[in-house]
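Student: generate a structure from the sequence data that follows.
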Amino acid sequence: MAQALSLPEVPAPKYGDRLQDKVVIVTGAAQGIGEAIVACFQAQQARLVIADIQGEKVEQVAAHWRDRGAQVYAQALDVSVREQWRAVVDLAIARFGRVDVLVNCAGVNVFRDPLAMTDEDWRRCFAIDLDGAWFGCREVLPHMIEQGTGNIINIASTHSSHIIPGCFPYPVAKHGLLGLTRALGIEYAPQGIRVNAIAPGYIETQLNVDYWNGFPDPQAERQRALDLHPPRRIGQPVEVAMTALFLATDEAPFINAACLMIDGGRSVLYHD
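Tutor: Down below sits the predicted model:
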(Lines give C-alpha, C1' and ligand atoms only; values in the text may rest on other atoms or scores of the structure.)
Protein backbone atom coordinates (compact mmCIF):
# COMPACT_ATOMS: atom_id res chain seq x y z
CA MET A 1 0.00 0.00 0.00
CA ALA A 2 1.25 3.49 -0.86
CA GLN A 3 2.55 5.66 1.95
CA ALA A 4 0.06 8.10 3.49
CA LEU A 5 0.70 11.82 3.22
CA SER A 6 1.18 14.28 6.05
CA LEU A 7 1.28 18.06 6.19
CA PRO A 8 4.65 19.67 5.43
CA GLU A 9 6.52 21.49 8.17
CA VAL A 10 5.54 25.16 8.28
CA PRO A 11 8.25 27.77 8.88
CA ALA A 12 7.98 29.66 12.16
CA PRO A 13 6.51 33.16 11.78
CA LYS A 14 8.93 36.08 11.81
CA TYR A 15 8.28 38.51 14.63
CA GLY A 16 7.67 42.21 14.08
CA ASP A 17 5.23 44.98 14.93
CA ARG A 18 3.13 45.49 11.80
CA LEU A 19 -0.09 44.96 13.81
CA GLN A 20 1.09 46.59 17.03
CA ASP A 21 -1.91 47.12 19.35
CA LYS A 22 -4.50 46.25 16.67
CA VAL A 23 -7.40 44.16 17.97
CA VAL A 24 -8.30 41.33 15.61
CA ILE A 25 -11.10 38.75 15.58
CA VAL A 26 -10.42 35.59 13.55
CA THR A 27 -13.00 32.87 12.94
CA GLY A 28 -12.28 29.34 11.80
CA ALA A 29 -9.14 29.68 13.90
CA ALA A 30 -8.80 26.12 15.19
CA GLN A 31 -7.09 24.73 12.10
CA GLY A 32 -5.95 25.27 8.54
CA ILE A 33 -5.88 28.77 7.11
CA GLY A 34 -7.49 30.29 10.20
CA GLU A 35 -4.86 28.84 12.52
CA ALA A 36 -2.11 30.07 10.19
CA ILE A 37 -3.60 33.57 10.32
CA VAL A 38 -3.52 33.48 14.11
CA ALA A 39 0.16 32.45 14.09
CA CYS A 40 1.04 35.16 11.59
CA PHE A 41 -0.93 37.94 13.30
CA GLN A 42 0.28 37.25 16.84
CA ALA A 43 3.83 37.35 15.52
CA GLN A 44 3.15 40.94 14.44
CA GLN A 45 1.92 41.97 17.92
CA ALA A 46 -1.83 41.81 17.24
CA ARG A 47 -4.18 41.37 20.17
CA LEU A 48 -6.49 38.54 19.21
CA VAL A 49 -9.88 37.03 19.91
CA ILE A 50 -10.11 33.77 18.02
CA ALA A 51 -13.23 31.70 17.50
CA ASP A 52 -14.26 28.36 16.08
CA ILE A 53 -17.10 25.87 16.38
CA GLN A 54 -14.45 23.51 17.81
CA GLY A 55 -14.39 25.27 21.16
CA GLU A 56 -11.88 23.05 22.93
CA LYS A 57 -9.49 23.05 19.99
CA VAL A 58 -9.55 26.82 19.51
CA GLU A 59 -8.84 27.28 23.21
CA GLN A 60 -5.79 25.06 22.78
CA VAL A 61 -4.59 27.30 19.95
CA ALA A 62 -5.08 30.38 22.15
CA ALA A 63 -3.33 28.78 25.11
CA HIS A 64 -0.39 27.80 22.93
CA TRP A 65 0.25 31.42 21.98
CA ARG A 66 -0.56 32.85 25.41
CA ASP A 67 2.13 30.57 26.85
CA ARG A 68 4.53 32.33 24.49
CA GLY A 69 3.53 35.81 25.59
CA ALA A 70 0.85 36.64 23.02
CA GLN A 71 -2.46 38.29 23.88
CA VAL A 72 -4.87 35.70 22.50
CA TYR A 73 -8.30 34.74 23.86
CA ALA A 74 -10.69 32.11 22.54
CA GLN A 75 -14.44 31.77 22.24
CA ALA A 76 -16.53 28.90 20.90
CA LEU A 77 -18.60 30.11 17.96
CA ASP A 78 -21.10 28.71 15.49
CA VAL A 79 -20.92 31.51 12.93
CA SER A 80 -24.42 30.72 11.67
CA VAL A 81 -25.92 31.77 15.05
CA ARG A 82 -25.95 35.55 15.30
CA GLU A 83 -26.41 35.58 19.07
CA GLN A 84 -23.12 33.72 19.50
CA TRP A 85 -21.37 36.42 17.50
CA ARG A 86 -22.30 38.97 20.13
CA ALA A 87 -20.35 37.00 22.74
CA VAL A 88 -17.24 37.06 20.55
CA VAL A 89 -17.40 40.80 19.93
CA ASP A 90 -18.23 41.46 23.58
CA LEU A 91 -15.11 39.50 24.57
CA ALA A 92 -12.95 41.65 22.29
CA ILE A 93 -14.44 44.85 23.71
CA ALA A 94 -14.12 43.63 27.30
CA ARG A 95 -10.50 42.54 26.89
CA PHE A 96 -9.20 45.24 24.56
CA GLY A 97 -11.79 48.01 24.26
CA ARG A 98 -12.14 47.99 20.46
CA VAL A 99 -12.19 45.91 17.27
CA ASP A 100 -9.86 46.96 14.46
CA VAL A 101 -9.93 43.91 12.19
CA LEU A 102 -12.35 41.07 11.54
CA VAL A 103 -11.17 38.06 9.54
CA ASN A 104 -14.10 35.88 8.47
CA CYS A 105 -12.33 32.59 7.80
CA ALA A 106 -14.85 29.99 8.98
CA GLY A 107 -16.39 28.02 6.12
CA VAL A 108 -17.58 24.65 4.95
CA ASN A 109 -17.39 22.78 1.65
CA VAL A 110 -20.78 21.60 0.42
CA PHE A 111 -20.51 19.83 -2.95
CA ARG A 112 -23.72 18.21 -4.18
CA ASP A 113 -25.60 17.30 -7.33
CA PRO A 114 -28.02 20.25 -7.71
CA LEU A 115 -31.12 18.10 -8.23
CA ALA A 116 -30.20 15.52 -5.59
CA MET A 117 -29.21 18.08 -2.98
CA THR A 118 -31.44 18.40 0.08
CA ASP A 119 -32.82 21.68 1.39
CA GLU A 120 -30.73 21.10 4.50
CA ASP A 121 -27.53 20.98 2.42
CA TRP A 122 -28.44 24.26 0.73
CA ARG A 123 -29.23 26.00 4.02
CA ARG A 124 -26.09 24.69 5.74
CA CYS A 125 -23.86 26.00 2.95
CA PHE A 126 -25.37 29.48 3.01
CA ALA A 127 -25.73 29.62 6.79
CA ILE A 128 -22.00 29.11 7.30
CA ASP A 129 -20.35 30.47 4.15
CA LEU A 130 -22.48 33.60 3.69
CA ASP A 131 -24.74 34.28 6.68
CA GLY A 132 -21.85 33.62 9.06
CA ALA A 133 -19.69 36.29 7.45
CA TRP A 134 -22.57 38.76 7.35
CA PHE A 135 -23.40 38.22 11.03
CA GLY A 136 -19.79 38.96 11.90
CA CYS A 137 -19.77 42.12 9.81
CA ARG A 138 -23.09 43.19 11.32
CA GLU A 139 -21.73 42.89 14.86
CA VAL A 140 -18.41 44.68 14.36
CA LEU A 141 -19.54 47.49 12.04
CA PRO A 142 -21.17 49.66 14.74
CA HIS A 143 -17.91 49.62 16.73
CA MET A 144 -15.85 50.40 13.65
CA ILE A 145 -18.15 53.25 12.64
CA GLU A 146 -17.86 54.73 16.13
CA GLN A 147 -14.06 54.46 15.95
CA GLY A 148 -13.95 55.97 12.46
CA THR A 149 -11.77 53.11 11.27
CA GLY A 150 -12.00 49.38 10.66
CA ASN A 151 -10.95 46.56 8.43
CA ILE A 152 -12.87 43.43 7.41
CA ILE A 153 -11.24 40.57 5.52
CA ASN A 154 -13.45 37.80 4.13
CA ILE A 155 -11.79 34.54 3.15
CA ALA A 156 -13.59 33.70 -0.06
CA SER A 157 -12.39 31.21 -2.70
CA THR A 158 -11.53 30.88 -6.36
CA HIS A 159 -15.07 29.50 -6.46
CA SER A 160 -16.16 33.12 -5.89
CA SER A 161 -15.46 33.87 -9.55
CA HIS A 162 -14.96 30.52 -11.29
CA ILE A 163 -17.18 27.46 -11.60
CA ILE A 164 -15.91 23.90 -11.21
CA PRO A 165 -18.45 21.18 -12.06
CA GLY A 166 -19.54 19.03 -9.16
CA CYS A 167 -19.12 21.74 -6.51
CA PHE A 168 -22.69 23.11 -6.26
CA PRO A 169 -23.88 25.05 -4.19
CA TYR A 170 -20.53 26.17 -2.71
CA PRO A 171 -19.70 28.63 -5.53
CA VAL A 172 -23.15 30.20 -5.22
CA ALA A 173 -22.47 31.06 -1.58
CA LYS A 174 -18.92 32.23 -2.35
CA HIS A 175 -20.15 34.46 -5.19
CA GLY A 176 -22.51 35.92 -2.60
CA LEU A 177 -19.62 36.49 -0.20
CA LEU A 178 -17.76 38.43 -2.88
CA GLY A 179 -20.87 40.54 -3.46
CA LEU A 180 -21.14 41.17 0.27
CA THR A 181 -17.51 42.26 0.35
CA ARG A 182 -17.90 44.72 -2.49
CA ALA A 183 -21.22 46.14 -1.28
CA LEU A 184 -20.05 46.73 2.29
CA GLY A 185 -16.74 48.11 1.11
CA ILE A 186 -18.50 50.78 -0.91
CA GLU A 187 -21.21 51.42 1.69
CA TYR A 188 -18.83 52.11 4.57
CA ALA A 189 -15.77 53.58 2.86
CA PRO A 190 -16.82 57.12 3.89
CA GLN A 191 -16.70 55.97 7.54
CA GLY A 192 -13.05 54.91 7.20
CA ILE A 193 -13.78 51.19 6.89
CA ARG A 194 -12.20 48.86 4.34
CA VAL A 195 -13.75 45.52 3.33
CA ASN A 196 -11.77 43.12 1.17
CA ALA A 197 -11.70 39.45 0.26
CA ILE A 198 -9.02 36.87 -0.33
CA ALA A 199 -9.71 34.03 -2.76
CA PRO A 200 -7.48 31.03 -2.03
CA GLY A 201 -7.24 28.26 -4.57
CA TYR A 202 -5.91 24.78 -3.77
CA ILE A 203 -4.25 25.06 -0.34
CA GLU A 204 -2.46 22.20 1.44
CA THR A 205 -4.63 21.97 4.53
CA GLN A 206 -5.36 18.88 6.61
CA LEU A 207 -8.71 18.64 4.81
CA ASN A 208 -6.95 18.14 1.48
CA VAL A 209 -4.36 15.78 2.95
CA ASP A 210 -7.19 13.63 4.33
CA TYR A 211 -8.86 13.72 0.89
CA TRP A 212 -5.69 12.51 -0.86
CA ASN A 213 -5.15 9.81 1.73
CA GLY A 214 -8.55 8.40 0.77
CA PHE A 215 -7.08 7.24 -2.57
CA PRO A 216 -5.06 4.03 -3.12
CA ASP A 217 -2.04 6.16 -4.08
CA PRO A 218 -2.17 9.43 -2.07
CA GLN A 219 1.06 10.76 -3.57
CA ALA A 220 -0.20 10.29 -7.13
CA GLU A 221 -3.43 12.11 -6.29
CA ARG A 222 -1.48 14.95 -4.68
CA GLN A 223 0.76 15.15 -7.73
CA ARG A 224 -2.31 15.40 -9.96
CA ALA A 225 -3.36 18.49 -8.00
CA LEU A 226 0.13 19.98 -8.23
CA ASP A 227 0.23 19.49 -11.99
CA LEU A 228 -2.87 21.66 -12.43
CA HIS A 229 -0.92 24.71 -11.27
CA PRO A 230 1.69 26.69 -13.23
CA PRO A 231 4.27 26.57 -10.35
CA ARG A 232 3.72 22.79 -10.09
CA ARG A 233 2.81 23.14 -6.45
CA ILE A 234 -0.18 24.25 -4.43
CA GLY A 235 -0.44 26.92 -1.78
CA GLN A 236 0.36 26.74 1.91
CA PRO A 237 -1.89 28.20 4.63
CA VAL A 238 0.87 30.61 5.65
CA GLU A 239 0.78 32.16 2.17
CA VAL A 240 -2.88 33.03 2.63
CA ALA A 241 -2.08 34.30 6.13
CA MET A 242 0.63 36.63 4.84
CA THR A 243 -1.81 38.14 2.35
CA ALA A 244 -4.36 38.65 5.13
CA LEU A 245 -1.61 40.28 7.18
CA PHE A 246 -0.89 42.78 4.42
CA LEU A 247 -4.58 43.73 4.16
CA ALA A 248 -4.89 43.99 7.95
CA THR A 249 -1.99 46.44 8.31
CA ASP A 250 -1.86 50.14 7.50
CA GLU A 251 0.17 49.22 4.41
CA ALA A 252 -2.94 48.79 2.24
CA PRO A 253 -4.93 51.96 2.95
CA PHE A 254 -6.36 52.36 -0.57
CA ILE A 255 -7.31 48.72 -1.17
CA ASN A 256 -11.05 48.44 -0.66
CA ALA A 257 -13.89 46.31 -2.06
CA ALA A 258 -11.24 44.17 -3.74
CA CYS A 259 -10.54 40.45 -3.97
CA LEU A 260 -6.99 39.12 -4.04
CA MET A 261 -6.61 35.76 -5.80
CA ILE A 262 -4.11 33.30 -4.32
CA ASP A 263 -3.97 30.30 -6.64
CA GLY A 264 -0.54 30.31 -8.29
CA GLY A 265 -2.13 31.48 -11.53
CA ARG A 266 -4.33 28.43 -12.05
CA SER A 267 -7.45 30.49 -12.69
CA VAL A 268 -5.69 32.30 -15.55
CA LEU A 269 -4.52 29.09 -17.25
CA TYR A 270 -6.65 27.63 -20.02
CA HIS A 271 -7.26 23.94 -19.37
CA ASP A 272 -8.20 21.38 -22.02
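Student: least confident secondary structure element in this structure?
Tutor: helix 206-212 (a mean of 84; mean pLDDT, DSSP states H and E).
Student: buried residues in whatever helix or strand comes next after that helix?
Tutor: Counting by DSSP states H and E, the next helix or strand C-terminal to helix 206-212 is helix 218-227. Neighbour-count burial for helix 218-227, counted by 16 or more other Cβ atoms under 10 Å, picks out 218, 221-222, 225. (C-beta placed from N, C-alpha, C; glycine too.)
Student: what segments of the stretch 51-200 of the chain are strands?
Tutor: 72-76, 101-104, 150-155, 193-200 (DSSP state E, counting those that start in this stretch).
Student: and the pLDDT at residue 151?
Tutor: For residue 151, the pLDDT comes out at 98.
Student: next: residue 54.
Tutor: 96.
Student: over to residue 12?
Tutor: Looking at residue 12, its pLDDT stands at 65.
Student: now the buried residues of helix 218-227 in CSV, with distance to residue 270 and pLDDT?
Tutor: Putting these into CSV (distance: Cβ to Cβ, whole Å; pLDDT from 0 to 100) gives the following:
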residue, distance to residue 270, pLDDT
218, 28, 92
221, 23, 91
222, 23, 91
225, 18, 88
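Student: with respect to residue 92, which of those is nearest?
Tutor: Relative to residue 92, the closest of these is residue 225; by Cβ to Cβ it sits at 37.0 Å.
Student: for the closest one, give me its contacts.
Tutor: Contacts for residue 225 (Cβ atoms under 8 Å, 6 or more residues apart in numbering) come out as 202, 208, 212, 234.
Student: let me see the ranges of the helices in this structure.
Tutor: Along the chain, counting by DSSP state H, helices occupy 32-42, 55-66, 82-96, 119-126, 132-147, 170-188, 206-212, 218-227, 237-248.
Student: for the third one, the averaged confidence score.
Tutor: Put plainly, it is helix 82-96. 97.
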